[in-house]
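Engineer: Attaching a predicted model along with its sequence, questions to come.
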Amino acid sequence: MPVEEFVAGWISGALGLVLGHPFDTVKLLGFFKGMSFPLVSIAVVNSVLFGVYSNVLLALTAMSHQERRTQLPSYTHVFIAGCTGGVIQTFFLAPFDLIKVRLQNQTEPRVQPGGPQPRYRGPVHCAATIFREEGPRGLFRGAWALMLRDTPTLGLYFVTYEGFCHQNTPHGQNPSSATVLVAGGFAGIASWVAATPLDVIKSRMQMDGLRRREYQGVLDCVVSSFRQEGLRVFFRGLTINSARGFPVNAVTFLSYEYLLHSWG
Ligand SMILES: C[N+](C)(C)CCCC[C@H](N)C(=O)O
């Protein structure tokens, strides 16, 4: 099984993430300490996503990464491989994403000497507290919504990327760096635009249960959010998600392709 894809997915994800970090932090104006936690999480999640994607595509098409560069596999195969990557990565992403959302939404001011401690003192303390207060399943709160958000949208992500590359590359050649950058950026925007409605729901589910349970499940959260705030609730964060999605995924795909190419 080609492991290069896993490693390339990890490194390229980390590069994209460093670039996207400022956007992620302004997204909720909460505090988000340091980069080590996001780097560990992206290492795990992106290597699973890219590794599963490439290996499923390989199994479906019997073409290697290099062969796929010159001959585009069918969009159905690309979509299925992307969706499979989306499903599998959810199991890894769910606890990391939950911790991120809980830390970002922490509204207590920074710790003052002698003042009250924040509820979560950092990612590890946050994980331990959730485990203690909400049980092991608590670490997967919102995971269904996350899976619904990421399965089709990661299919779309890879279809956009491969399609754009294919259309802008002369037959039989590798896509240029500029093409890869723009294709990755568009893939990021397309998938984030499609993912935003369920991103709103996912974050609400992840925050639910801190004080009292408000939602019965994903559908209930969709219905009551819509009733209380109207259709526009599903577009919250659309601009910042897209603005972040372009550079992060442009850099992710460029470094991914570069690494795979240089490993030959
Ligand atoms: C599927 N969804 C749109 C949620 C994400 C797709 C891109 C993933 C990338 N790590 C990023 O953070 O932008």
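Structural biologist: Yep, that arrived.
Engineer: Need the pLDDT of Asn55.
Structural biologist: Looking at Asn55, its pLDDT stands at 92.
Engineer: oh sorry, the question was meant for Met35
Structural biologist: For Met35, the pLDDT comes out at 69.
Engineer: Next: Thr129.
Structural biologist: Reading off the model, Thr129 has pLDDT 93.
Engineer: And for His171?
Structural biologist: Residue-level confidence at His171 comes out at 84, pLDDT.
Engineer: Output the below-cut-off pLDDT ranges for the stretch 51-200 of the chain.
Structural biologist: When the per-residue scores of the stretch 51-200 of the chain are filtered using pLDDT under 70, the ranges that remain are 107-115.
Engineer: the strands in it, which residues?
Structural biologist: All residues of the stretch 51-200 of the chain lie outside strands when identified by DSSP state E, counting those that start in this stretch.
Engineer: interface residues of it facing the ligand?
Structural biologist: Taking C-beta under 6 Å from any ligand atom as the criterion, the neighbours of the ligand within the stretch 51-200 of the chain are Arg149, Asp150, Thr153, Leu154, Tyr157, Gly188, Ser191, Trp192, Ala195. C-beta: built from backbone N, CA, C; applies to glycine.
Engineer: Now with 5 Å, please.
Structural biologist: Taking C-beta under 5 Å from any ligand atom as the criterion, the neighbours of the ligand within the stretch 51-200 of the chain are Asp150, Thr153, Leu154, Ser191, Trp192, Ala195.
Engineer: who are the neighbours in contact with the third one?
Structural biologist: Neighbouring residues of Leu154 by C-beta atoms under 8 Å, 6 or more residues apart in numbering: Leu49, Tyr53, Gly82, Cys83, Gly85, Gly86, Gln89, Ser191.
Engineer: For Pro123, which non-adjacent residue is closest in space?
Structural biologist: Using C-beta to C-beta, 6 or more residues apart in numbering and skipping residues adjacent in sequence, the residue nearest Pro123 is Phe37, 4.2 Å away.
Engineer: what helices or strands is the helix or strand harbouring that neighbour leaning on?
Structural biologist: Phe37 belongs to helix 36-61 when elements are defined using DSSP states H and E. Helices and strands touching helix 36-61, by 3 or more C-beta pairs under 8 Å, 6 or more residues apart in numbering; DSSP states H and E, are helix 4-28, helix 65-70, helix 75-104, helix 143-167.
Engineer: and stretch 48-63, which residues are buried?
Structural biologist: Of the residues in stretch 48-63, those scored as buried under the neighbour-count criterion (16 or more other C-beta atoms under 10 Å) are 48-58, 60-61, 63.
Engineer: out of the residues you listed, who's nearest the ligand?
Structural biologist: Ranked by distance to the ligand (C-beta to the nearest ligand atom), these are led by Leu49 at 7.5 Å.
Engineer: list the contacts for the closest one?
Structural biologist: Residues in contact with Leu49 (C-beta under 8 Å, 6+ apart) are Gly9, Gly13, Gly85, Gly86, Ile88, Gln89, Leu154.
Engineer: let's go with 10 Å and repeat that
Structural biologist: The neighbourhood of Leu49, defined by C-beta atoms under 10 Å, 6 or more residues apart in numbering, consists of 5-6, 9-10, 13, 42, 82, 84-86, 88-90, 92-93, 150, 154, 157-158.
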